[in-house]
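Enquirer: coords below, sequence missing:
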């Protein structure tokens, strides 16, 4: 039986926001394989040490914040380096700098990061406290008492009221809308539950309830999950199954994968290279110090005596560490903080963009992360859902096929189709007082067929009124409101309502409908739920006359496999209509029914009860029973629901294609519908050379279809290039090489074929073929297959990927991609809550990538080039000064000046850059100087490594050339006394080493220099 008909489950913003990570504060002394507890028996349940209902998503407390936060921060290489540097500065033999020159910027960087982490954690503490201190009524000692959520234990019976959040994972006992098969008193006295241990499977639950010697099955339909909200129900009682960190919501709220940009990886490589360069510079200067001490150092010992035991080798060793301290500005201590500030500013630009604001729903664009902005300018592949992403996900009942006859189109007297416009006459439903006034239909013949009593037409709409999970709400007499899990299901029930079959109410045992003005109550015997594997839903009902009927609706391919052979002729006619509907981009379903025998139904229900109460193999046994009863069906017809494209979708796709971004559509719709949407979006075009369709049902067939030659020179196997990447080149990469093709191609592949193509021996062939195509459409795919396609491209193309969707079935794809974008549409907030960026319309993706992504990337590139240029320029001053001070590790600039200038250039440059950028890219500047702002697309190669190394080389060259040139010129044109003496000494040594130069009373080459040098020294 089902007990959740009037419970609308959805994630609340508060519950989801407070469950960003698993609690780390709970541990168990045993591995739980099966959960056993008794209702309302705390002493018994506490003996198992089950987790209570308190949650903890914070990372720190008052005592652990400082040590833990510092430990995390010093795991960054730059921070650890500067801590080591500060330790060196307290050694007087090494340091010529005060310790505060390093301590001040280090403390500043650590403090800024700590304040940010503390602010985030304080918000988590507040959120935890708010949730844990909510009040709920708990049955204790026979009376209801108000208790805080954190005090609720497994086995407690609690009472919820309308619009309250569900406290924990509960087994529904009773509610104001239904009377269950057990009473609250009986379960409170003797109820014992056995169920599966805590897990993260939201769609499955297995358990049994033992009561008075009887065993009852527990499944997902009898469970209320924490984070849901009670709707349209005055009150309900529930038994706590899982609490706190054991709830399915918290089990699904594990740590989100930390996404890092390519610039982050590049910065790490650059910092390591700078470390190496710094060590090389210090080694050169240390060697210079050793040489100077050997050759020149002894001259100065008269007035600078050495300490006992000191020699040239020790001096060289100490000078190495001294220059590590002096040249520390080469390593950018404030780089990471500066980068985060720039990213934060770029995120504000996205949040404040009025051109990405959707006024209809009052929905602005939102950057839910600040670390991926510049990666938006690097996107190469976009993976998009169709329904609700490219389309509006607002469904309208458009056409249908009943007993082989099509309805919904209009024809003139000559048999030509008439285009339906706003001026076309609508069907008048005024005879039906319960009709939805917003529903429109133009084919009058369908209403006439129904009102004439056509049995097939009435059975068609009767099925639509009974086979669904819609919840009705009647605030006033005659004013019905349907709450549906999906828009297309709501559209079908609304269509049945207008054609005279009005769904009115339901209980776990009955469904009440108004059929052509007559109230009929059906006994609900079983509901065979829809899922992504079954792709169909069935209900078994008994009408007032006692007739048993199974009604089934689902994907046409699934229904047609289960039809009775007598329906073959009708199936052929219906298939023709379905192909026509799919060609027009409509979403289709097939409808069928089956009359059941009473004795068979009794025997089937007994086997169903045994299977549903089994703790092992429950799903498999139930699937076998469903397959058994859902066969030999009789076809009724098919429905076609329209889902229109969003505004601006074709233009957006066209602009993204011009930016060399490839878009793959991953949808659960059938092939014909997906192809039609592809043409509507300009992804598939008539001028394409060929559109390949992969629809084989075997691995060999899929391989053969994938290996079609797009050009004669194609190799038999994909070309894979192996390389290394990452820090120290430890990461092994494999890249499938792009192959040039002559012309534009498209690829359409269905879910069955994709399952074979994603196998290890075929996935590279799939990737090669898909990447040679301009457009790829995967239809009838599952959420898991969506994520697998994204991961395949990430692994073997080494390209930045983006996934965009609007529903819960897109979450896995959004999390798998480098960047996830959620559209806040008709299917709730699941995709938005898992995304990095969110907005309301697909067309805003163009501005997010080609405007904000490009600007963010260029800003970051310019900043990094300037940052490294500033650091190298400042540091080389001290490097060159070493050659003039005997490599003695003396300072060229005062330490106060050094610290002040460094901080001024960092923060001043950031402020100035944002001010100038904001002004230059404002609307006013664009309107004044239109020609100065050409749109050039994404800047994917702005920060390629050759560019960075060229910038560093030119920086070094600019520092070296002026010093070398000026030194050379001054020595030649205006030599100092030191220069003349040094020249004299060099010439004297050279003359002594070559005796032939001493002949003829001192050779003329040496004599004039000696005389002139002696005179100048004597006069001085």
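Expert: Looks like it arrived, so ask away. What you are looking at is a predicted structure, and each value in this text was computed from that prediction instead of being measured. Numbers count the residues shown, from 1 in each chain.
Enquirer: Which positions in the helix or strand hosting residue 650 come out as buried?
Expert: Per DSSP states H and E, residue 650 falls inside helix 649-658. By 16 or more other C-beta atoms under 10 Å, the buried positions in helix 649-658 come out as 649-650, 652-653, 655-656. (Glycine included, C-beta is placed from N, CA and C.)
Enquirer: Give the rounded mean pLDDT of that helix.
Expert: Averaged over helix 649-658, pLDDT sits at 88.
Enquirer: any idea which helix or strand comes after it?
Expert: With DSSP H and E, the next secondary element past helix 649-658 is strand 662-666.
Enquirer: Please compute how far that following strand lies from its chain's middle.
Expert: Centroid separation between strand 662-666 and its chain, computed with C-alpha atoms, centre = their mean, to the nearest Å, is 16 Å.
Enquirer: quick one: contacts of that strand?
Expert: With contact meaning C-beta atoms under 8 Å, 6 or more residues apart in numbering, strand 662-666 is reached by 380-386, 390, 653, 656-657, 674, 677-678, 683, 770-771, 774-778, 781, 785-786, 789, 813.
Enquirer: just to revisit the earlier point, same for the helix holding residue 650, what does it pack against?
Expert: With contacts taken as 3 or more C-beta pairs under 8 Å, 6 or more residues apart in numbering; DSSP states H and E, helix 649-658 sits against strand 662-666, helix 844-847.
Enquirer: Go through these and name the closest to residue 868.
Expert: Closest approach to residue 868 among the helices and strands packed on helix 649-658 (C-beta to C-beta): helix 844-847, 30.8 Å.
Enquirer: so what does that closest one touch, helix or strand wise?
Expert: Packing contacts for helix 844-847, counted by 3+ C-beta pairs under 8 Å, 6+ apart, involve helix 649-658.
Enquirer: what is the orientation angle of the helix it packs on with strand 662-666?
Expert: When axes from the mean of the first three to the mean of the last three C-alpha atoms, to 10 degrees is applied, the directions of helix 649-658 and strand 662-666 differ by 130 degrees.
Enquirer: Local confidence estimate at residue 464?
Expert: For residue 464, the model assigns a pLDDT of 95.
Enquirer: Pretty sure it sits in a helix.
Expert: Yes: assigned with DSSP: H, G, I helix; E, B strand; the rest coil, residue 464 falls within a helix.
Enquirer: where's it relative to residue 475, distance?
Expert: 23 Å (C-beta to C-beta, to the nearest Å).
Enquirer: Please say which of these two ends up with more neighbours.
Expert: Counted by other C-beta atoms under 10 Å, residue 464 and residue 475 do not tie: residue 464 has more neighbours, with 27 against 7.
Enquirer: what about the stretch 401-550 of the chain, any weak spots by pLDDT?
Expert: Low-confidence segments of the stretch 401-550 of the chain (pLDDT under 70): 415, 532.
Enquirer: could you pull out the helices for it?
Expert: Counting by DSSP state H, counting those that start in this stretch, the stretch 401-550 of the chain has helices at residues 444-451, 455-466, 487-498.
Enquirer: Check what contacts the shortest one and list those residues.
Expert: Where contact means C-beta under 8 Å, 6+ apart, the residues beyond helix 444-451 that reach it are 400, 402, 407-408, 427, 429, 441, 457-458, 461, 499-500, 516.
Enquirer: Same list, the residues you listed, but as JSON lines with neighbour count please.
Expert: Output for the contacts of helix 444-451, formatted as JSON lines (neighbours: other C-beta atoms under 10 Å):
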{"residue": "400", "neighbour count": "30"}
{"residue": "402", "neighbour count": "24"}
{"residue": "407", "neighbour count": "21"}
{"residue": "408", "neighbour count": "21"}
{"residue": "427", "neighbour count": "17"}
{"residue": "429", "neighbour count": "19"}
{"residue": "441", "neighbour count": "21"}
{"residue": "457", "neighbour count": "25"}
{"residue": "458", "neighbour count": "20"}
{"residue": "461", "neighbour count": "28"}
{"residue": "499", "neighbour count": "28"}
{"residue": "500", "neighbour count": "24"}
{"residue": "516", "neighbour count": "15"}
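Enquirer: Which parts of the stretch 201-350 of the chain are strands?
Expert: Under the criterion DSSP state E, counting those that start in this stretch, strands of the stretch 201-350 of the chain are mapped to 207-211, 214-218, 223-224, 235-242.
Enquirer: Report the mean confidence score over the first one.
Expert: Right, the one you point to is strand 207-211. The model assigns strand 207-211 a mean pLDDT of 86.
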